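Novice: no sequence for this one, just the structure:
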């Protein structure tokens, strides 16, 4: 793959103009592939600002950068003009502390977090991992307290917490956020699964559609609709509702922590999960709307229309 001189010059100008450049699909606020998302999630933990180049909007750069560094895939991270690597390498260097050193930051705190695993959760984890020889249970916790468990090989750089006879592996940021968490096994209408309770997280209160109508009328609560666009089109939310998909998590999480919030979805199920994330984030006055928009519509005497 040859690289024409005009494209080479454009790449070199980019690398001279910015110390940290990530060539990716999409941008850091809206990554357009899983690998680019993984790379930005990691860099966001360490850097308030870095330069991204969306290769989807620039076919010359998209092909040119592969030839420039002789690296076949996107994303690609360059620091100080040198190729560091793709998403997997960024992740590994983050776990080992090499990325911190590259950016001139203090080494990550490797103290394992104190965590609690209830007996019910421990039993479920043991049953779920019985055939997973050679794999470790990893828990990733994002800046918004969203959490995901996965089984994957362990690395020597993982931060490992021990509780109830089990090991849980963390990356440096997740380990910090996991301090004091309780991992439990819960049964809800959606089914069964592991749940995380963060220390100091406030309880999510339930609110009926009648109470919600009253509080919207007197302006004493902020309603947030967590549904995707298709559901909102089928059954529009009250006009005062703020749309999570449009505003984004970060904008709403920047509201004052004492804001009274109510979360609504179609049936009251997914909104509960979002409400719990806001509660874990320090919001102390959080409600989930019982029965969701379906209940709101039937209470108003308007059944959802099916076209």
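Specialist: Alright, I've got the coordinates. The structure presented is a predicted model; accordingly, all values stated were derived computationally and were not measured. Numbers count the residues shown, from 1 in each chain.
Novice: per-residue confidence for residue 305?
Specialist: Listed pLDDT for residue 305 reads 48.
Novice: nope, residue 269 is what I was after
Specialist: For residue 269, pLDDT reads 84.
Novice: same check, this time on the one 3 residues further on
Specialist: On pLDDT, residue 272 comes in at 88.
Novice: The nearest residue to it once chain neighbours are set aside bridge partners, please.
Specialist: Of all residues not flanking residue 272 in the chain, residue 288 sits nearest, at 4.8 Å (C-beta to C-beta, 6 or more residues apart in numbering). Placement of C-beta: from N, CA and C, glycine included. Assessed by DSSP bridges, residue 288 has beta-bridge partners residue 206, residue 263.
Novice: isn't residue 288 right up against residue 267?
Specialist: No. Checked against C-beta atoms under 8 Å, the pair residue 288 and residue 267 is beyond contact range at 11.0 Å.
Novice: the more surrounded of the two?
Specialist: residue 288 (24 against 17; other C-beta atoms under 10 Å).
Novice: The more buried one and residue 183, how far apart?
Specialist: Relative to residue 183, residue 288 is positioned 22 Å away (C-beta to C-beta, to the nearest Å).
Novice: following the helix or strand containing residue 63, which helix or strand comes up?
Specialist: For residue 63, the host element (DSSP states H and E) is helix 59-68. Next in sequence after helix 59-68, counting helices and strands by DSSP H and E, comes strand 76-79.
Novice: what's the closest non-adjacent residue to residue 299?
Specialist: residue 209 (4.7 Å).
Novice: Sorry, wrong one. I was asking about residue 267.
Specialist: residue 292 (4.6 Å).
Novice: do the same with residue 195
Specialist: residue 186 (4.5 Å).
Novice: and the one you found, what element?
Specialist: Using DSSP H and E, residue 186 falls in strand 182-188.
Novice: That strand packs against which elements?
Specialist: Judged by 3 or more C-beta pairs under 8 Å, 6 or more residues apart in numbering; DSSP states H and E, strand 182-188 is in contact with strand 116-117, helix 119-128, strand 191-197.
Novice: Output these in TSV, with distance to residue 279 and mean pLDDT appended to each entry.
Specialist: Below are these laid out as TSV (distance: least, C-beta to C-beta, whole Å; pLDDT from 0 to 100):
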stretch	distance to residue 279	mean pLDDT
strand 116-117	18	96
helix 119-128	20	93
strand 191-197	10	80
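Novice: okay, those, which one's buried deepest?
Specialist: Across these, averaging neighbours per residue (mean count of other C-beta atoms under 10 Å) puts strand 116-117 on top, at a mean of 18.
Novice: list the contacts for residue 118?
Specialist: For residue 118, the contact set (C-beta atoms under 8 Å, 6 or more residues apart in numbering) comprises 164, 182-185.
Novice: Against residue 263, how distant is residue 61?
Specialist: Distance of residue 61 to residue 263, given as C-beta to C-beta: 41 Å.
Novice: Which stretches in this protein count as helices?
Specialist: 5-17, 34-46, 59-68, 87-96, 98-102, 119-128, 172-177, 209-217, 229-234, 244-247, 249-253, 270-280, 292-299 (DSSP state H).
Novice: Same question for the last one: list its buried residues.
Specialist: The one in question is helix 292-299. 292-297 (16 or more other C-beta atoms under 10 Å).
Novice: How about stretch 94-107?
Specialist: Neighbour count says stretch 94-107 has 94-97, 99-100, 102 buried, by 16+ other C-beta under 10 Å.
Novice: Could you do stretch 145-157 as well?
Specialist: Going by 16+ other C-beta under 10 Å, stretch 145-157 has these buried residues: 145, 147, 157.
Novice: So which residues lie in contact with it, not counting its own?
Specialist: 92, 95-97, 129, 132, 134-141, 160, 169, 177, 194, 196, 198, 277, 280-281.
Novice: Filter those residues down to the buried ones and express that as a PyMOL selection.
Specialist: Provided next is the PyMOL selection string for whichever of these are buried by 16+ other C-beta under 10 Å:
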select buried, resi 95+96+97+136+137+138+139+140+141+169+177+194+196+198+277+280+281
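Novice: what are the phi and psi values for the residue sitting nearest the centre point of the chain?
Specialist: By C-alpha atoms, centre = their mean, the chain has its centre lying nearest to residue 142, at 4.7 Å. Taking degrees, to the nearest 10, you get phi -80, psi 170 for the backbone angles of residue 142.
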